[in-house]
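[1] generate coordinates for the sequence data below:
(2 chains)
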2 protein chains.
Amino acid sequence: MLGFERLFGVLLTCLGASFAWDRGPGYAPHVIGGLPRGQHQEFRTNSTDHLRLLSSTENFVVLGGRNALYNVTVGLDGHLDLTGKLIWGSTDAHRELCTLKGKQEGDCQNYIRIFAEVNPGRALICGTNSYKPMCRHYSIPLSEKDDTDKENEEAQGRCPYSPTHSSAYTYTDGHLFTGTVADFSGADPLIYRENQRTEQYDLKQLNQPAFVSATSYDEYAFFFFREIAMEYMNCGKAVYSRVGRVCKNDRGGPAIFYDRWTSFLKARLNCSLPGEYPFYFDYLSATTDVVKLSGEDVVYGVFGTPPTSIEGSAVCVFRMKDILEAFEGPFKAQKDTRSNWLPVSTSLGPTEPRPGSCVEDSRTLPSQTVNFVKNHPLMEKAVPALYGEPLLVTTGAQLRLTSVAVVPTTGPDGRAYSVLFAGTADGRLVKFYAVAGNTLQKVVVSEMQVLPPGQAVKQLTTVGKQILAISENSVVSIPQSDCSNYTNCASCVGTRDPFCGWHEESHSCREVGTVPLGHLLDTAALYDVCPENNWVEERVVTHGTISSVGRDPQSGFLVHESHNHTCPEIAVAGAYSAQTMAIALVVVAAVALAVGGLVGIVVGHKCRLECPMMGVPPMEHRNQLTWSKSRHMAHHSKDINLLMNTNQFYSPPASPHPVIFSNAQEPTPQARRKMDNLGLVDFDVDGKDRRHESKNSTESLEKDPQHFKTDTLQKVKKTYI
Amino acid sequence: MLGFERLFGVLLTCLGASFAWDRGPGYAPHVIGGLPRGQHQEFRTNSTDHLRLLSSTENFVVLGGRNALYNVTVGLDGHLDLTGKLIWGSTDAHRELCTLKGKQEGDCQNYIRIFAEVNPGRALICGTNSYKPMCRHYSIPLSEKDDTDKENEEAQGRCPYSPTHSSAYTYTDGHLFTGTVADFSGADPLIYRENQRTEQYDLKQLNQPAFVSATSYDEYAFFFFREIAMEYMNCGKAVYSRVGRVCKNDRGGPAIFYDRWTSFLKARLNCSLPGEYPFYFDYLSATTDVVKLSGEDVVYGVFGTPPTSIEGSAVCVFRMKDILEAFEGPFKAQKDTRSNWLPVSTSLGPTEPRPGSCVEDSRTLPSQTVNFVKNHPLMEKAVPALYGEPLLVTTGAQLRLTSVAVVPTTGPDGRAYSVLFAGTADGRLVKFYAVAGNTLQKVVVSEMQVLPPGQAVKQLTTVGKQILAISENSVVSIPQSDCSNYTNCASCVGTRDPFCGWHEESHSCREVGTVPLGHLLDTAALYDVCPENNWVEERVVTHGTISSVGRDPQSGFLVHESHNHTCPEIAVAGAYSAQTMAIALVVVAAVALAVGGLVGIVVGHKCRLECPMMGVPPMEHRNQLTWSKSRHMAHHSKDINLLMNTNQFYSPPASPHPVIFSNAQEPTPQARRKMDNLGLVDFDVDGKDRRHESKNSTESLEKDPQHFKTDTLQKVKKTYI
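    Below is the predicted model:
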């Protein structure tokens, strides 16, 4: 019955993916499934924590929560440990004032939203503080006790009033640059750094913006946000995605402009499907930091359709070069409210210095220039996406993308790949990449359910070899790759995971870098590397068309096909076509019947009708890559819940270096004992973590039945195809 | 093994629908499948025929094709008979000229595009005539011989030059009103009736329009089309859907306006998802005629996103009242090319008579009024969709809607329902309806593959109790309902097909009107009507949420749930949950094993290991409602192909009333013999068509196995749920 279960699992997987065409042009993951069992770890807090990732390093992350700052250390195997927790609640006075303002108990808390290391050994931490945002300076390492009496600094303009207000910040050159709101109701949005801000209530500068991220680059602080597009007003109400910038050395303008930016400019980000009538994804929801792609600085962004649309999401990449260029182009303006928005002819505006450029002392700028910038913050040209098209397009509410992270890696072919991870509003993680060439080749490696369905992956980050998915109240670590999941050569090579390669000597799928592999990721490689009987129909997805490449089982020749059809035949690399599936299923039942018959004959021969009926076999073993996994996951995460909830009651001892910046510590002996008591973690006497080993031994235990399954399957295939 | 196959079929169906959420908000058909076997009929012509439905009556349709006009009679059982074919090819001279103009052989043919009965006994027929459009007058009944020498009339402005040019026409009050192009290249679009036309090359009037339909209503001729929106130009390039109108009694304006409309106005059609940022479906692709809905005149339209967008389609309904009202509102205009498009203040334009209104003699209008209409053809207000939202929204390329038809009917509850049929670009037919109430309740009854995948349903019409789906080169008739498909009470009532009701006496699902039923369509009715063990989880789809209503099998109480989740558990009314499916599948295999064992024991007991192995059982019988049907259909259509191809060589005899308007004839004896020779059609000696009977007998033959299947299933269910 093991073979049957595997088949059933594969069937589900196949059918799941067979509707892939409906989930976005070119969206067709090689693997769809839940989390690899026992491969992820979770850190969970209260459901009301509004967790926000504030900092991430090689081996830990800093998260802002409700009345607390968490330092979570990420082990090499992805294990998550709360190695420090700074407690900072609002005072009773602030809470009462907040309640008087008509806010609920949940709002009248201190949600930590800013963490910046201002000097080595000194951190600036800010929180919403019950609708009265405050900042504090702390020494690093931080102490765990609640410093209620610590000196507070007003943080209006720097920190939002509520965890639901949008905000973004970057700390650079000794200054904090923030994009957020400066009032209680959230109606006064601004981009702020001490002394300078954007014009108040000027819809041309900021019109109900939602800040997504901020970063320092070159001589500028960049803000990525979306806002209501003033220039679109005559055509309806729409949200556009923007990149805005200010000069880091902006000191305000002359006279009355002393507290205003002299350099705030913004441009539209164009993430669209090309065509005669381009389709724009205008609703920016996340970006990465500035990263390198083929030697160039780029930023990846997640865009979508606005709410109450038909659901569509896309990931685009923008070169910083193109962003800077947009700001050197013409400005866009409206002569009067009845006029069109048109490019401003260069002869009309001041030319020297160019409005919005960074000058040594902005206070000496002619007021004409400052006035021009104030009235013309919008650039005529939108920033084009690299390649002129998205790297990924998904449709449907389940695949509404909410976050993105990028991992540069070297594939088994020695080439550089930028592997992207996108989180969805439904708790899924999509792993994909694009290879530039004559056409942009897009490969969706996998789609995994990493959080319970319905729980959005709010943020993503990479720590070591792990991807951390952050939801409202939990952090889940997932390995960037799990090559051991691919049990045969065809699936290992065919899935086109740049992290994995087939190691012939050990006959196993291994992580690139662990053993010398040197095999190409290319389609052709599949047939050079993998033995004949392991052939696979593999999918290469280019814009709008599914091309499948497979070896004809009769002739042995490679077959290239381009479909635009209903149901792509193969979804999982190393799997079999839907037709095969159907036949195999029937065959399995028939074989079961036949085997039953034979056994019956033998048994009947032996015991002459005295034997009892055969029972239903247990359904414990399931295919690793199937949807049925998600059930296992839900079950699993319950166990982890248990572990995490206990963590809330576990107070780490006051050690000299208890929390942040003390780098991935071994848990203290107390912690070890505590965890050990739960019976979930198994530490040895020498303090070595044996979990990894035991996991491996489980795997090797599982290997034999899998071998058996594969054998059964192949027998079926050989006989009936 | 029959039970197993049924299960497999149902599994496929269920899984197909389980991804429904991704296919549009609220899109969740109760039944997904292929055509009911033996229930559809096909008429097929050459692949290059560019078929166009020109007229449809109670029992036949007139189709324009390549060098031919087809009269296809539709039998009560949906059988399609070519009862007449008018041949009209281009002359050699016209063909040669066409070739000289650089056109291909396929373009240099006469594609019939217009058929209008101008007087009783007299028809106007026009064709593209190798890029030299011509009209002819024929007497009715038409003769079949090629009247090459018949007198031609120039049809420039009335008939398109190519079958790929868009065109729409309506014949009313003794005049032909057409929307098409008046030149070889298709660059001169116009709305035309002898003597009057729209302004030439005036982008304000018509900007690359694609005409979808035309209809006469009240004192106007209405045109439904899409075009590039001039008023959107400052915000980008976009296509908008329009309704345009001219007065039927418009005689042109004074002096130089003698050949121009004095009454051409147009308004935008607003088919959008409501919300802060409405999502517009702006690409009109089909409409119905003017029909009645709750006593009001309405038009249904199919809208979509433009090509190269993420795919989305919607069906909206517009009241003629609202359309007329839009034309009474303010006009929209642009002061100069740098200005916004704004409503024209009423004080600025001429008021008496109102520009664009129908007057007794338009030639006496003041030239100021005529000039105003010429320059202000666009209305400020868009026509709102009834209910403010679409009746159906689908996403994904497979469900790109291309055509629509409406069938008013009375449900088993005695209430009036307007059942809609929408055809897709992928050859599917979606049957749905909406019930107005506090919220608009949308019910998708079924989705069927009626044409081979990839072949668009270009047009839909109703003839008798049949729906005719017209593709480029074929017509398929599908029964509007097939109640006998629902084999039990739960599926009959639960699918909410307004055509069907449960007949308790005969224990069968019967068509409304055939027997007295009197049962409510309401959810509650299900439990009043159907016996306890037939309970079903049923889905009622409202905007954005799937609500499921079911009877708890333990308690017997009704359970109402609202999900917004990944995989709706039940897709087919009367089917079983995915989990049940999985268990059932395992169980079937186990049972097979057990049965095999038992049989083995018995056999072993009898023949002591002398018996041969059991073979694989045949896979002939499949579930009627599953995807696996589509394979059968393809096979079936091949048979019909054969039949239809022979029709090309079959020339009907010159009888006195050979073709159009001679009403559903019995095939002539020659035809009967000819068909009989093919061995595909079985006529009796008395000339009576026994196909219907034989089909029925096949059905009754199939009924028993189905009973058996159901029994098996229920046994499984009872045992393991």
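[2] in the stretch 301-450 of chain A, what residue lies closest to chain B?
    residue A:308 (2.7 Å; C-beta to the nearest C-beta). Where C-beta positions appear, they are placed from N, C-alpha and C, glycine not excepted.
[3] any idea how far that residue is from residue A:166?
    19 Å (C-beta to C-beta, to the nearest Å).
[4] next, the closest residue to chain B within the stretch 101-250 of chain A: phi, psi?
    As assessed by C-beta to the nearest C-beta, chain B sits closest to residue A:235 within the stretch 101-250 of chain A, at 3.8 Å. Taking degrees, to the nearest 10, you get phi -100, psi 0 for the backbone angles of residue A:235.
[5] wait, it touches residue B:230, no?
    No: the criterion here is C-beta atoms under 8 Å, and residue A:235 misses it with residue B:230 at 11.8 Å.
[6] contacting residues around residue A:128?
    By C-beta atoms under 8 Å, 6 or more residues apart in numbering or on different chains, the contact list for residue A:128 reads A:109, A:110, A:111, A:113, A:159, A:160, A:161, A:162, A:163.
[7] repeat the analysis, applying 6 Å as the threshold.
    Counting by C-beta atoms under 6 Å, 6 or more residues apart in numbering or on different chains, residue A:128 makes contact with A:111, A:161, A:162.
[8] one more: residue A:433?
    A:417, A:419, A:420, A:443.
[9] ok so, going back, what's the spacing between the residue found closest to the residue of the stretch 101-250 of chain A closest to chain B once you drop the neighbours it is linked to in the chain and residue B:330?
    With C-beta to C-beta, 6 or more residues apart in numbering or on different chains as the criterion, residue A:235 has its nearest non-adjacent residue at 3.8 Å, and that residue is residue B:235. Per C-beta to C-beta, residue B:235 is found 21 Å from residue B:330.
[10] got it, and residue A:53?
    Residue A:53 is 52 Å from residue B:330, by C-beta to C-beta.
[11] okay, the two: which has more neighbours?
    The residue with more neighbours, out of residue A:53 and residue B:330, is residue A:53; 19 against 15, by other C-beta atoms under 10 Å in any protein chain shown.
[12] what helix or strand does that one sit in?
    strand A:52-56 (DSSP states H and E).
[13] name the helices or strands packed onto that strand?
    Counting contacts by 3 or more C-beta pairs under 6 Å, 6 or more residues apart in numbering or on different chains; DSSP states H and E, strand A:52-56 packs against strand A:60-64, strand A:459-463.
[14] okay, these, which one's buried deepest?
    The highest mean neighbour count among those, using mean count of other C-beta atoms under 10 Å in any protein chain shown, belongs to strand A:60-64: a mean of 25.
[15] can you give the strand pairings for that strand, parallel or anti for each?
    strand A:52-56 (antiparallel), strand A:68-74 (antiparallel) (DSSP bridges).
[16] may I have that strand as PDB, with CA atoms only?
    Output in PDB follows, covering the C-alpha atoms of strand A:60-64 (Å, rounded to 0.1, in the frame of the first residue of the first chain):
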ATOM      1  CA  PHE A  60      20.200  36.600  14.900                       C
ATOM      2  CA  VAL A  61      17.300  38.900  14.300                       C
ATOM      3  CA  VAL A  62      15.800  41.800  16.300                       C
ATOM      4  CA  LEU A  63      12.100  42.000  16.400                       C
ATOM      5  CA  GLY A  64       9.900  44.700  17.800                       C
END
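[17] contacts for that strand, please.
    A:51, A:52, A:53, A:54, A:55, A:70, A:71, A:72, A:73, A:112, A:113, A:115.
[18] of all these, which two lie farthest apart?
    Largest separation among these by C-beta to C-beta: A:73 and A:113, giving 21.9 Å.
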